[in-house]
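Visitor: next input, structure requested:
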Amino acid sequence: MGISRQCASKWVNRWRRYGEAGLLDRSSAPHHQPTATHAETVVRIERLRRDRKYSARRITLELASEGIVISVRTVSRHLVHLGLNRRRFLDPTGENNRAPQRIHARWPGHMVHLDVKKVGVIPDGGGWRAHGRGSEQAKQSVRGRTRGGRARYTYLHTAIDGYSRLAYTEALPDEKAATAIAFTHRARAFLAAHGITHIHRIVTDNGACYRATDFATVLRGARHQRITPYTPRHNGKVERYHRILTEELLYAHTWESEHQRTEALHVWNVHYNYHRPHTAAGNQPPASRLHTRVTNVTASYT
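Guide: Numbering: from 1, shown residues only. The predicted model follows:
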């Protein structure tokens with residue numbers, strides 16, 4: 001049969017000791033693995049992936065900040081074992097699983113992306129996330145959140161540099177043209193303080209505030225490029241930023257008031273630009289891709 005005497009002896013001894021059950025296949029994994037990843041670390045990897053949707057590299061950096069040294073390859077292997085290595089496994093509907101389209105900015109200011117994200121106003125005392133759906137506090141918060149039969153919203157205006165991913169976000173009461181124009185002026189000042197004094201192209205969607213005639217006053221020689229209608233991936237950098245903002249700030253905490261969330265947004269802007277690692281910046285903060293180092297810049301514009 002082409003096997004050695006030792007191999008035949010092993011199978012005979014298994015049959016004599018365990019019967020038919022001894023002939024079943026056994027795992028080749030060793031009984032003792034001193035270098036195996038601790039179970040607590042694997043649980044932490046799963047939680048970061050499920051709750052925050054972090055990539056393997058971002059999970060590695062997050063664990064390193066907690067004093068856990070582990071390689072990106074090991075994290076990727078555990079995600080495969082957990083069945084979480086693909087983003088579509090976290091989003092079964094496939095809503096966020098389109099094939100990526102790379103649009104590269106060649107230098108700081110080459111492409112600045114603008115967009116507005118609408119979020120519901122949080123009433124004083126918290127909404128349904130704080131008290132639970134169907135609670136009396138939640139019903140009162142819904143009634144207090146409406147005005148004239150319409151829900152009230154906060155509009156997050158964002159400008160992001162496509163090269164460095166440096167971002168500037170403000171929570172404003174509406175998305176009218178005058179509001180968007182004033183925000184863009186402040187965003188240009190913020191970028192100029194970081195050395196981005198010339199903007200080659202401003203990319204927006206086809207919102208009414210960006211189609212207004214007066215919006216041309218903020219271009220100052222820049223080309224205004226509006227994306228193809230109903231194709232938000234053409235403005236993907238700011239859309240991706242808004243998803244990060246949603247997952248790591250807006251829905252990551254239970255807020256008790258709109259003022260509390262707005263104040264936290266100012267702090268998170270500093271964290272994102274100067275401390276949070278970004279894969280597009282070589283796992284460094286976005287501000288590291290700019291030659292000009294400016295301290296306490298955000299404080300002067302918030």
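
Visitor: for the stretch 1-150 of the chain, what spans make up the helices?
Guide: In the stretch 1-150 of the chain, the segments counted as helices under DSSP state H, counting those that start in this stretch are 5-18, 39-52, 56-65, 72-82, 87-90, 128-131, 136-145.

Visitor: let me have those in a markdown table, extended by mean pLDDT and mean neighbour count.
Guide: Yep, even glycine has a C-beta here, placed from its N, CA and C like the rest. As requested, those are exported to a markdown table (pLDDT from 0 to 100; neighbours: other CB atoms under 10 Å):
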| stretch | mean pLDDT | mean neighbour count |
| --- | --- | --- |
| helix 5-18 | 93 | 11 |
| helix 39-52 | 92 | 15 |
| helix 56-65 | 93 | 17 |
| helix 72-82 | 94 | 16 |
| helix 87-90 | 77 | 12 |
| helix 128-131 | 70 | 15 |
| helix 136-145 | 62 | 14 |
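
Visitor: for these, which one sits closest to F190?
Guide: Closest to F190 of those, according to CB to CB: helix 56-65, at 25.4 Å.

Visitor: which parts of stretch 260-269 are buried?
Guide: Buried residues in stretch 260-269, counted by 16 or more other CB atoms under 10 Å: R261, T262, A264, L265, W268, N269.

Visitor: wait, which of those is closest to I244?
Guide: W268 (9.9 Å).

Visitor: looks to me like the closest one is in a helix.
Guide: Yes. W268 sits within a helix when classified using DSSP: H, G, I helix; E, B strand; the rest coil.

Visitor: so what's it closest to, chain neighbours aside?
Guide: With CB to CB, 6 or more residues apart in numbering as the criterion, W268 has its nearest non-adjacent residue at 4.8 Å, and that residue is L249.

Visitor: any idea how far that neighbour lies from H271?
Guide: Taking CB to CB, to the nearest Å as the measure, L249 falls 9 Å from H271.

Visitor: R188 too?
Guide: 23 Å.

Visitor: of the two, who's got more company?
Guide: More crowded of R188 and H271, by other CB atoms under 10 Å: R188, with 21 against 13.

Visitor: wait, what's in contact with that one?
Guide: The contact partners of R188, taken as CB atoms under 8 Å, 6 or more residues apart in numbering, are I199, V218, R220.

Visitor: switch the cut-off to 7 Å
Guide: Contacts for R188 (CB atoms under 7 Å, 6 or more residues apart in numbering) come out as I199.

Visitor: tell me the secondary structure for it?
Guide: Strictly by three-state DSSP, R188 counts as helix.

Visitor: which sections of the stretch 201-302 of the chain are below the confidence cut-off?
Guide: Scanning the stretch 201-302 of the chain for pLDDT under 70 picks out 291-302.

Visitor: all the helices of it, in order from the start?
Guide: With helices called from DSSP H, counting those that start in this stretch, the stretch 201-302 of the chain shows them at 208-211, 236-245, 258-274.

Visitor: could I get those helices as TSV with distance to I227?
Guide: Below are these laid out as TSV (distance: least, CB to CB, whole Å):
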stretch	distance to I227
helix 208-211	10
helix 236-245	9
helix 258-274	23
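
Visitor: okay, buried residues for stretch 176-184 please.
Guide: Judged by neighbour count using 16+ other CB under 10 Å, the buried positions of stretch 176-184 are A177, T179, A180, I181, F183, T184.

Visitor: hmm, C209 and the third one touching each other?
Guide: Looking back up the chat, that one is A180. Yes. In this structure, A180 is within contact of C209 by CB atoms under 7 Å, at 3.8 Å.

Visitor: not counting its neighbours along the chain, what's nearest the spatially most central residue of the chain?
Guide: Closest residue to the average C-alpha location of the chain: I244 at 2.2 Å, with CA atoms, centre = their mean. By the measure of CB to CB, 6+ apart, the closest residue to I244 outside its immediate chain neighbours is Y272, 7.6 Å from it.

Visitor: what's the answer for R152, then?
Guide: Closest to R152 by CB to CB, 6+ apart is V121, at 4.3 Å.

Visitor: how close does that neighbour get to H259?
Guide: For V121, the distance to H259 (CB to CB) stands at 11 Å.

Visitor: more neighbours: which of these two?
Guide: When V121 and H259 are compared for neighbours, V121 comes out ahead with 19 against 12, by other CB under 10 Å.
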